[in-house]
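Chemist: Sequence first, then the predicted structure:
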There are 2 protein chains.
Amino acid sequence: MSAAERAPSAAGGAGRGAPGPPQPFFHSRWVPAPAHVRDLGPDAGLPLGFRAAGVAAGIKPSGRTDLGLLVCDSERPVSAARFTATGTPAAPVLVSRERCRLGALRAVLANSGCANAATGRRGLDDAAKTQGATAAAVAVDPAAVALASTGAISHHLPVEAIVKGILDASSRLSRDGDGDFQQAIQTTDASEKRASLELELGSGPVRLSAQCKGAGMISPRFATMLCFIETDAALEPETAELLLGVCVKRSFDRASVDGQLSTNDTAILMCSGSSGSSVRPESEDELRFGEALDALLRQLAIMMVADGEGARRIARVLVRGGHVESVEAVARAVANSPLVKTALHGADPNWGRIIQAVGAALAGTAPLAVDLSIEGTPVCSAGVAIDYDESALARAVERAEVEYEVTLPGEGAETEVFFSDLSHQYVTINAEYTT
Amino acid sequence: MSAAERAPSAAGGAGRGAPGPPQPFFHSRWVPAPAHVRDLGPDAGLPLGFRAAGVAAGIKPSGRTDLGLLVCDSERPVSAARFTATGTPAAPVLVSRERCRLGALRAVLANSGCANAATGRRGLDDAAKTQGATAAAVAVDPAAVALASTGAISHHLPVEAIVKGILDASSRLSRDGDGDFQQAIQTTDASEKRASLELELGSGPVRLSAQCKGAGMISPRFATMLCFIETDAALEPETAELLLGVCVKRSFDRASVDGQLSTNDTAILMCSGSSGSSVRPESEDELRFGEALDALLRQLAIMMVADGEGARRIARVLVRGGHVESVEAVARAVANSPLVKTALHGADPNWGRIIQAVGAALAGTAPLAVDLSIEGTPVCSAGVAIDYDESALARAVERAEVEYEVTLPGEGAETEVFFSDLSHQYVTINAEYTT
């Protein structure tokens, strides 16, 4: 067993079920908790105006919880949503995007065990039926019910079982149903990814919570997983839209497990306004709420990467200089390189592979004067290897979080991508235990 | 052990060292041998006018053969070359591309064990010294000596040892030195990739041979590995340039092990003319020579993919319809998807992952009416799952070569990419046995 094998796993480090006291929600060095935000722990329940439930509807052959229902009881809810950019979107994405009032959602029906993707006309009909059943069960307009599914592609939804499950779930809705709802959306996730936060705003305290899933088929475009976010603050529709858009771009958009954009990714923010506190556009409170939402989604994105299928270790690649297009291409090339990811896995400071990925991303350009630092140690200057303490670097890359800084010629642009390693377990999970 | 574990390995299938009679060079169903081409077997030696050698110069700590020398004895040689498109090219690529008469090469010095990449000014000087030493040892102009290196990035060449090795190699040059030369350029290759062919041309028989290496850091841009090709036919410089360019585009350009473009990729065609047969531009013989070169490079590219680090199984993805850009993006997205590659590894007909890769490649487009067939069996029509014999398909994807056909809406464009699976062994090779 190598030193790398003995390192604590990234998922374990991020997990909430580890022995001993629960880990604080904000535990990555890349996401400092804002001063006005308090972590209420996983059992604090949902913000005012929300109820949720999760039941076993029989979609998963294992009999596990697989159907989740989230309801906002406010008569004037405000919401915003983001979906996968894929050219082969799943039926729930199409139905939610095209037939919902995304700015005023009252409910979300989410299931695991079946993606309802590549299911054509019947998939759309099935999705519409579950939307109608949810509307009836919780007494809201069907256009106020968003749908989200995750699981294997190409299978049809078991609609009859789901309709029964909706009735069951609607009878179990409660403010502390977020744990069951979380269970219902998980697939290969090894750790729970949810939070309940309290924010001190000028207008008083508000609550902000989220439930999130994602471990594989995770790639840096927006909303590359399922995430549901609730607050009892009152937001204007434009504010919800703006803040969700910006924060998704800085979090899920910057996370990659395997560079694979999913057919089903969905992120939804719902605001009940039930706390009585309002976040006014361009106010100090908008800034504070935005900061909290940003930290929440960034920490969730990092937890998603740390729970990347089989992940032992995660990394951040920071790319500076050049142009917007070049830093983006370089960051993604490094984050998605199987050679970089296996070196990260093996705690191998084999930085030649990072130079290779940079060169491949900017193929056809003149030879590049690239600088590279790993955990703050410069290893390559203007494209040329430089001397450094090799044993110190070898120890540094054994940590659970590793940072690479790439500097390209030129100035102005900057980006980052969070990514996981590539492990035997990723191969095992995806080669031998599927279908 | 699953059925998949028991399937013959792709590398083993392509390997030449298997027990029993040697496998014919043309053994992939995707490359039929042209009727006018005869496989002379691995021990037939080089075409007239060529000599080669491989020695252990001490670049590799293991003491294995690591320095190869290839010489063309013709006074009026014709050659052509292709190099990696990377933005971080290695010193030997820069020196060969910028300081050689690439149309009239007389010699190639190639080494494994050190890529001479990310080595800056000193790397260029080191490369130039070995070029000069080779020129002196074989009595040719330095500008007629091309350089190629492969191995770890960021290390400097041991120049003194290499100069001794050049002298040693130059004293051992022989027409049947191609086997040792091949040994000298191999790194993680598990099987030998070389051929000696005889072509029946109108002007008489000519010989065509090649030695090739490549198992990791292999991606679909041109010349993503090292390949040296020799013929005793006489070609015009324009013909050599044209045929190498076209054939590299149809072979190495379509091969991917891990989507990683290398810093050192090089392909060189050298023509001695020593057979007395000339290939005239736009003649029937040009067509016949081109067909043979095309088959040679395609079979080598497939052997390279089959020898992909840890590969058990290889695939071809054929994409039709759409536009040139969309078929290219889709073919690469499928070939480089870790989800598709692990499914290939596990002999898992989990075709939802192919649909996912197609959608990701064409993100932001309208929902796509994609057709997909696997081994001739339609599984998805216009984006919708259709019924098929699941057990027959499961058996079909256990073969050593698997074919996926994707059809996009629209017409006109078509492309293909050959790729390997993603295995535990790839992770082991790249995570635990490097640096």
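Modeler: Arrived safely.

Chemist: C-alpha only now, for contacts and for neighbours.
Modeler: OK.

Chemist: so A:Arg288 is in which element?
Modeler: In this structure, A:Arg288 sits in helix A:284-306 according to DSSP states H and E.

Chemist: nope, A:Leu242 is what I was after
Modeler: helix A:237-249.

Chemist: now that helix, how far from the chain's geometric center?
Modeler: Distance, stretch centre to chain centre, for helix A:237-249: 15 Å (CA atoms, centre = their mean, to the nearest Å).

Chemist: Compute the inter-axis angle for it and helix A:284-306.
Modeler: Helix A:237-249 runs at 30 degrees relative to helix A:284-306, counting by axes from the mean of the first three to the mean of the last three CA atoms, to 10 degrees.

Chemist: Run me through the strand neighbours of whichever helix or strand comes after the helix holding A:Arg288, direction for each.
Modeler: The first helix or strand that comes after helix A:284-306 along the chain, using DSSP H and E, is strand A:314-320. Strand A:314-320 has its sheet partners listed here by DSSP bridges as strand A:401-407 (parallel), strand A:414-420 (antiparallel).

Chemist: Turn these into JSON lines, including mean pLDDT and mean neighbour count.
Modeler: Shown next, in JSON lines, are the strands paired with strand A:314-320 (pLDDT from 0 to 100; neighbours: other CA atoms under 10 Å in any protein chain shown):
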{"stretch": "strand A:401-407", "mean pLDDT": "95", "mean neighbour count": "21"}
{"stretch": "strand A:414-420", "mean pLDDT": "89", "mean neighbour count": "27"}
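
Chemist: how about the strands of the stretch 51-200 of chain A, start to end?
Modeler: In the stretch 51-200 of chain A, the strands defined using DSSP state E, counting those that start in this stretch lie at A:67-72, A:78-83, A:107-111, A:145-149, A:193-201.

Chemist: Chain B: which of those strands is closest?
Modeler: Of all those, strand A:78-83 sits nearest to chain B, with 10.7 Å by CA to the nearest CA.

Chemist: what is the orientation angle of the closest one with strand A:145-149?
Modeler: 30 degrees.

Chemist: neighbouring contacts of strand A:78-83?
Modeler: A:93, A:97, A:102-105, A:222-224, A:234-237, A:240-241, A:244-245, A:264-272 (CA atoms under 8 Å, 6 or more residues apart in numbering or on different chains).

Chemist: Okay, and which of the residues you listed map to helices?
Modeler: Within those, residues falling in helices by DSSP state H are A:Val93, A:Arg97, A:Pro237, A:Ala240, A:Glu241, A:Leu244, A:Gly245.

Chemist: farthest-separated two in the residues you listed?
Modeler: Maximum pairwise distance among the ones in helices among the contacts of strand A:78-83 (CA to CA): 20.5 Å, between A:Val93 and A:Pro237.

Chemist: How about the contacts made by the nearest residue to A:Gly63 once chain neighbours are set aside?
Modeler: Setting aside the residues directly before and after it, A:Gly63 is nearest to A:Ala56 in space (CA to CA, 6 or more residues apart in numbering or on different chains), at 6.1 Å. Contacts for A:Ala56 (CA under 8 Å, 6+ apart) come out as A:Gly63, A:Arg64, A:Thr65, A:Asp66, A:Leu67, A:Gly165, A:Ala184.

Chemist: Make a PyMOL selection of whichever of the residues you listed turn out to be buried.
Modeler: Buried residues within the contacts of A:Ala56, by 16 or more other CA atoms under 10 Å in any protein chain shown, are selected in PyMOL with:
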select buried, chain A and resi 64+65+66+67+165+184
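
Chemist: will you turn the contacts of A:Ala56 into a markdown table that also has distance to A:Ser203?
Modeler: A markdown table is the format used below for these (distance: CA to CA, whole Å):
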| residue | distance to A:Ser203 |
| --- | --- |
| A:Gly63 | 45 |
| A:Arg64 | 42 |
| A:Thr65 | 38 |
| A:Asp66 | 38 |
| A:Leu67 | 36 |
| A:Gly165 | 39 |
| A:Ala184 | 34 |
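
Chemist: For chain B, state which of the contacts of A:Ala56 is nearest.
Modeler: Nearest to chain B among the contacts of A:Ala56, with distances taken as CA to the nearest CA, is A:Asp66, at 20.1 Å.

Chemist: How about the closest one: what's its closest non-neighbour residue?
Modeler: Per CA to CA, 6+ apart, closest to A:Asp66 is A:Ala184, 4.1 Å.

Chemist: sorry, back to before: identify whichever of the strands of the stretch 51-200 of chain A lies nearest to A:Val427.
Modeler: Taking CA to CA as the criterion, strand A:193-201 is the member of the strands of the stretch 51-200 of chain A that comes nearest to A:Val427, at 23.0 Å.

Chemist: Could I have the CA atoms of the closest one written out in PDB?
Modeler: Once non-C-alpha atoms are left out, strand A:193-201 reads as follows in PDB (Å, rounded to 0.1, in the frame of the first residue of the first chain):
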ATOM      1  CA  LYS A 193     -24.700  17.100   0.400                       C
ATOM      2  CA  ARG A 194     -27.100  19.400   2.200                       C
ATOM      3  CA  ALA A 195     -27.000  22.400   4.500                       C
ATOM      4  CA  SER A 196     -29.200  24.600   6.700                       C
ATOM      5  CA  LEU A 197     -27.800  28.000   7.300                       C
ATOM      6  CA  GLU A 198     -28.900  31.100   9.100                       C
ATOM      7  CA  LEU A 199     -28.100  34.500   7.600                       C
ATOM      8  CA  GLU A 200     -28.000  37.800   9.600                       C
ATOM      9  CA  LEU A 201     -29.500  40.400   7.200                       C
END
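
Chemist: Packing partners of that strand?
Modeler: strand A:37-39, strand A:204-213, helix A:284-306 (3 or more CA pairs under 8 Å, 6 or more residues apart in numbering or on different chains; DSSP states H and E).

Chemist: between it and strand A:204-213, how big is the angle?
Modeler: Using the same axes, to 10 degrees: strand A:193-201 against strand A:204-213 is 160 degrees.

Chemist: quick one: strands adjacent to strand A:193-201?
Modeler: Using DSSP bridges, strand A:193-201 pairs in its sheet with strand A:37-39 (antiparallel), strand A:204-213 (antiparallel).

Chemist: Identify all contacting residues around the shortest one.
Modeler: Under the criterion CA under 8 Å, 6+ apart, residues A:Pro24, A:Phe25, A:Ala195, A:Ser196, A:Leu197, A:Glu198, A:Leu199, A:Glu200, A:Ala292 lie in contact with strand A:37-39.

Chemist: The fourth one: how many residues sit nearby?
Modeler: By that I understand A:Ser196. 25 (other CA atoms under 10 Å in any protein chain shown).

Chemist: Which strand residues bridge it?
Modeler: If you apply DSSP bridges, the partners that A:Ser196 bridges to are A:Ser209.

Chemist: who touches it in this structure?
Modeler: A:Ser196 touches A:Asp39, A:Leu40, A:Gly41, A:Pro42, A:Asp43, A:Ala44, A:Gly45, A:Leu46, A:Arg207, A:Leu208, A:Ser209, A:Ala210, counting by CA under 8 Å, 6+ apart.

Chemist: Next, format the strands of the stretch 51-200 of chain A as JSON lines and append mean pLDDT.
Modeler: Putting the strands of the stretch 51-200 of chain A into JSON lines (pLDDT from 0 to 100) gives the following:
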{"stretch": "strand A:67-72", "mean pLDDT": "96"}
{"stretch": "strand A:78-83", "mean pLDDT": "91"}
{"stretch": "strand A:107-111", "mean pLDDT": "95"}
{"stretch": "strand A:145-149", "mean pLDDT": "94"}
{"stretch": "strand A:193-201", "mean pLDDT": "90"}
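
Chemist: quick one on the thing from earlier: adding distance to B:Pro142 and mean neighbour count, write the strands paired with strand A:193-201 out as a markdown table.
Modeler: Output for the strands paired with strand A:193-201, formatted as a markdown table (distance: least, CA to CA, whole Å; neighbours: other CA atoms under 10 Å in any protein chain shown):
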| stretch | distance to B:Pro142 | mean neighbour count |
| --- | --- | --- |
| strand A:37-39 | 68 | 19 |
| strand A:204-213 | 60 | 23 |
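
Chemist: Cool, thanks, signing off.
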